[in-house]
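next one to model:
(2 chains)
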Number of protein chains: 2
Amino acid sequence: MDVAIIGGTGAEGFGLTLRLARAGHHVTIGSRDEGRAGTKATEAIEILGSDALVDGAENTTAAAAAPVVIVTVPFEGAAAIYESIAPAITPETVVCDCTSPLMASVGGRASHALHPWHGSAAEFVRTLLPHGTRLVAAFHTVSAGVLRALDKPVDSDTFVMGEDAEAKRIVGDLADDIDGMRWVDLGGLQMARIAEQMTPLLISVNRRYKIHDAGFRMTGLDDWGVPGA
Amino acid sequence: MDVAIIGGTGAEGFGLTLRLARAGHHVTIGSRDEGRAGTKATEAIEILGSDALVDGAENTTAAAAAPVVIVTVPFEGAAAIYESIAPAITPETVVCDCTSPLMASVGGRASHALHPWHGSAAEFVRTLLPHGTRLVAAFHTVSAGVLRALDKPVDSDTFVMGEDAEAKRIVGDLADDIDGMRWVDLGGLQMARIAEQMTPLLISVNRRYKIHDAGFRMTGLDDWGVPGA
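Sure, this is the predicted structure:
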């Protein structure tokens, strides 16, 4: 699958780039700076080997070319980025928001949640996209370091939420392609109000226990993914 | 250890009663109705065997007699219960709040969070207790059914938060005594703003996947408990 990762030069986006390209997907790293995107794409190919399908492009170009657009940017930059890519989003494009609003965006702590008027970052960015965009939220809780440690399976699950069941399945399939990761359908986009707060929770745990890669696994069922499947 | 479980006649409180009594603790089930508390204590002994140390008392009597008071009541009833037991709380008493504020308290859904003015239920009930009470919040995310299924270890972790490190350790030790459970120190009581929302999250997962006992495990470290211990 062709996937654009907006903010793919950042630690989280680059980690997702490596994991998805290793699974055989064609990943376009998006950046405001086309040159920087290209440099990181070269770095990814050096890590993964020359068979890896990774290239770089300016954000809007990257978003226009891919059926799945994953956005991994800090919350304080999300509005500008979403406004810039909005013209490139088609009615078919699946957009996956990974933003968690943290007090760090306004000079506070990353272990404290910030509460957007709209309820969650995902519900806020929905207002910046064309009406009816197939928007999904996911990948809030997997650490960049865990994604980057390609020799180890990812020991954590991810929540996926949104109104479009097929879009959730498409993003969920990408999560399944990350070695070790499972996905849990949390329901509508409003559930991002809770899922996004798992990020400051994990940051708090990391600081308290002096680790870098706290995550979580759901218990109660062996197979998650599409409910009832 | 002597433990009072206020609301111990409810499903969650009765599950904790069984698990803690089975671990050898003396549990006093508290209820507004002393007779009902006694009936449930008898039921616990029938389940656990005659060696189990379980008795019943009116809430305030139960709270006055125990160094650890665990409160497992629905959010809409918490204020009245806390006001009634407050006179029985001493400066040494460790109070453990297990309340999660859900929209169900005001006629909405249990899978939707309710946001108290104070930030969390734990911070709200703190205002109803004597100043300086050793208040801890924990046990939000373990299902009553899982606690009740005594033949199986509990496959989930619990967050513990509060300002008093020793009080957290005392409650954490109780969590450790529940077969399979581990405890994760989440920091100060304010973190209950996030931890309490794990309850509606798990309720949403339960409904979506048609199960009853979704839980979570932390990953990233094998041993949790007291940070750095």
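
so which residue is dead centre in chain A?
For chain A, the residue nearest the mean C-alpha position is A:Cys98 (3.8 Å; CA atoms, centre = their mean).

tell me who's in contact with that one.
A:12, A:70-72, A:137-140 (CB atoms under 8 Å, 6 or more residues apart in numbering or on different chains). Yep, even glycine has a C-beta here, placed from its N, CA and C like the rest.

by contact count, what packs against the longest helix anywhere in chain A?
The residue-count maximum for a helix in chain A (DSSP state H) belongs to helix A:34-48. If you count contacts as 3 or more CB pairs under 8 Å, 6 or more residues apart in numbering or on different chains; DSSP states H and E, helix A:34-48 packs onto helix A:11-22, strand A:26-31, strand A:54-58.

let's see 10 Å
Under the contact criterion of 3 or more CB pairs under 10 Å, 6 or more residues apart in numbering or on different chains; DSSP states H and E, helix A:34-48 touches strand A:2-6, helix A:11-22, strand A:26-31, strand A:54-58, helix A:59-65.

that helix to strand A:26-31, inter-axis angle?
For helix A:34-48 against strand A:26-31, the angle by axes from the mean of the first three to the mean of the last three CA atoms, to 10 degrees is 140 degrees.

okay, angle between helix A:34-48 and strand A:54-58 too, please.
Using the same axes, to 10 degrees: helix A:34-48 against strand A:54-58 is 170 degrees.

ok, and what's touching the helix or strand of chain A with the lowest mean pLDDT?
Across the helices and strands of chain A, the lowest-confidence element by mean pLDDT, DSSP states H and E is helix A:144-148, at a mean of 94. If you take CB atoms under 10 Å, 6 or more residues apart in numbering or on different chains as the criterion, helix A:144-148 is touched by A:10-20, A:47, A:72, A:139, A:152-156, A:178, A:180-181, A:206, A:211-215, B:219-220.

and the residues you listed, which are buried?
A:10, A:12-20, A:47, A:72, A:139, A:154-156, A:178, A:180-181, A:206, A:213-215, B:219-220 (16 or more other CB atoms under 10 Å in any protein chain shown).

quick one, strands of chain A?
Applying DSSP state E to chain A gives strands spanning A:2-6, A:26-31, A:54-58, A:68-71, A:94-97, A:134-137, A:157-162, A:182-187, A:215-219.

each with direction, which strands does the first one pair with?
Note on strand A:2-6: by DSSP bridges, its sheet partners are strand A:26-31 (parallel), strand A:68-71 (parallel).

nearest to chain B, of the contacts of A:Cys98?
A:His140 (12.2 Å; CB to the nearest CB).

got the contact list for that closest one?
A:12, A:97-100, A:121-122, A:158-159, A:161, A:192, A:195-199, A:202.

now do the least confident helix or strand of chain A: distance to the chain's middle.
13 Å (CA atoms, centre = their mean, to the nearest Å).

for the nearest residue to A:Ala11 once chain neighbours are set aside, grab the count of nearby residues.
Among residues not flanking A:Ala11 along the chain, A:Ala144 sits closest, at 3.7 Å (CB to CB, 6 or more residues apart in numbering or on different chains). Number of residues near A:Ala144 (other CB atoms under 10 Å in any protein chain shown) recorded here: 17.

what is the burial count for A:Ala41?
Residues near A:Ala41, counting by other CB under 10 Å: 25.

from chain B, how far off is it?
30 Å (CB to the nearest CB, to the nearest Å).

before we move on, what about A:Met198?
Counting by CB to the nearest CB - A:Met198 and chain B are separated by 8 Å.

try A:Ile6
In terms of CB to the nearest CB, A:Ile6 sits 27 Å off from chain B.

just the pLDDT at that residue, thanks.
The per-residue pLDDT reported for A:Ile6 equals 97.

pretty sure it sits against A:Ala86.
No - using CB atoms under 10 Å, A:Ile6 is not in contact with A:Ala86; the gap is 11.6 Å.

tell me, what's touching these two both at once?
Contacts common to A:Ile6 and A:Ala86, judged by CB under 10 Å, 6+ apart, are A:60, A:63, A:95.

export the strands paired with strand A:2-6 to CSV and tack on mean pLDDT?
As requested, the strands paired with strand A:2-6 are exported to CSV (pLDDT from 0 to 100):
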stretch, mean pLDDT
strand A:26-31, 98
strand A:68-71, 98
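
out of these, the one nearest B:Ala113 is which?
Nearest to B:Ala113 among the strands paired with strand A:2-6 is strand A:68-71 (24.9 Å), distances taken as CB to CB.

buried ones in that closest one?
A:68-71.

equivalent analysis for stretch A:39-48, please.
A:40-41, A:43-45, A:47-48.

and which of these is nearest chain B?
A:Ile47 (23.0 Å).

find the nearest non-adjacent residue to the closest one, please.
Nearest to A:Ile47 is A:Leu18, by CB to CB, 6+ apart, at 6.3 Å.

partners of A:Ala4 in the sheet?
A:Thr28, A:Val69.

mind listing what it touches?
Here A:Ala4 is in contact with A:26-30, A:57, A:59-71, A:85, A:88, A:93, A:95 (criterion: CB under 10 Å, 6+ apart).

go on, A:Ala110?
Applying CB under 10 Å, 6+ apart, the residues near A:Ala110 are A:100, A:102-104, A:199-200, A:203-204, A:206-207.

from those, which single one is nearest B:Leu114?
A:Pro200 (19.7 Å).

let me know the pLDDT of the closest one.
Taking A:Pro200 on its own, its pLDDT is 97.

same deal with A:Gly119?
97.

next one: A:Thr93 from A:Phe14, what distance?
Distance of A:Thr93 to A:Phe14, computed by CB to CB, to the nearest Å: 22 Å.

coming back round to it: name the member of the contacts of A:Ala110 with the most neighbours.
Counting neighbours by other CB under 10 Å, A:Ser100 leads the contacts of A:Ala110 with 29 neighbours.

good, we can wrap up now.
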